[in-house]
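[1] compute the structure for the input listed below.
(one chain, ligands or ions: 1)
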Amino acid sequence: MDSRELVSKACEAMKSAYTPYSGFKVGAALLTKGGKVYTGCNIENASYTPTICAERVAFFSAVRDGERDFCKIAIVGGKGGVIASFTYPCGVCRQALYEFGGPKLTVIMAKDENDYIVTTLGDLLPYGFGPAN
Ligand code: THU
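    Modelled structure (predicted):
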C-alpha cells in the first residue's frame, strides 16, 4: 500500500476520535509487513490519564491480532479535526512502537494525501530502548 492510501486511512480513523477535553483529534494507520492496515484514533477520558493516543490504539489492535512486523505508520491530527499542521507522535507512542517497529519503522506525518513528511522511528527516537537492551 502506498503512503497516500495509508494517510487517507488515518484521516478516516481520525473521524472516530473521542476528544471532549482537548478537542484535538488524531488518526493513525499502521501497515503490517503482510499488508494489513490497523487504524486508531485518540480516546480521551473524564479522569484524563486513561486517555490513549491514536498511534497506540492502532498498534495495540495489531498486536492483539498477533501482528509483530510493521512497515509504516501514518499520523494526522488537528484541533476539531481540522488538519493545519503536522502531528508528530508523542514520546510514549514512540517508545511503544519501538518495541516491534524498531528504528527502521517508517513514520509519516501528514497534512493530507499530497502533503506529508516521511521519517523513521530511529530518527524520532534515537538510541531507543528496546528488546535488544
Ligand atoms: N494525541 C495522540 O493521539 N497522539 C499523539 O501522538 C499526540 C497526542 C492525543 C492525546 C490527546 O487526546 C490529544 O491528542 C491532545 O494531547
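
[2] the spatially most central residue of the chain and the ligand, how far apart?
    Centroid-nearest residue in the chain, with Cα atoms, centre = their mean: residue 55, separated by 3.1 Å. For residue 55, the distance to the ligand equals 6 Å [Cβ to the nearest ligand atom, to the nearest Å]. In this view, the C-beta of every residue, glycine as well, is placed from N, C-alpha and C.

[3] just confirm that residue is within a strand.
    No - according to DSSP: H, G, I helix; E, B strand; the rest coil, residue 55 belongs to no strand; its state is helix.

[4] the residue nearest to it when sequence neighbours are not counted sits in which helix or strand?
    Nearest non-adjacent residue to residue 55, counting by Cβ to Cβ, 6 or more residues apart in numbering: residue 93, 4.0 Å away. In the assignment (DSSP states H and E), residue 93 maps to helix 91-101.

[5] and for residue 6?
    helix 3-14.

[6] can you spell out which helices and strands pack onto that helix?
    Judged by 3 or more Cβ pairs under 8 Å, 6 or more residues apart in numbering; DSSP states H and E, helix 3-14 is in contact with strand 24-32, strand 37-41, helix 54-64, strand 70-79, strand 106-112, strand 115-120.

[7] swap in 7 Å and give it another go.
    For helix 3-14, the packing partners by 3 or more Cβ pairs under 7 Å, 6 or more residues apart in numbering; DSSP states H and E come out as strand 24-32, strand 37-41, strand 70-79, strand 106-112, strand 115-120.

[8] next, the nearest residue to residue 22 once chain neighbours are set aside: phi, psi?
    Excluding the flanking residues, the one nearest residue 22 by Cβ to Cβ, 6+ apart is residue 44, at 6.5 Å. Note on residue 44: backbone dihedrals following degrees, to the nearest 10 are phi -90, psi 170.

[9] OK, contacts around residue 44?
    18-22, 51 (Cβ atoms under 7 Å, 6 or more residues apart in numbering).

[10] which of the residues you listed has the most neighbours?
    residue 19 (19 neighbours; other Cβ atoms under 10 Å).

[11] since that was my last question, I'll sign off now.
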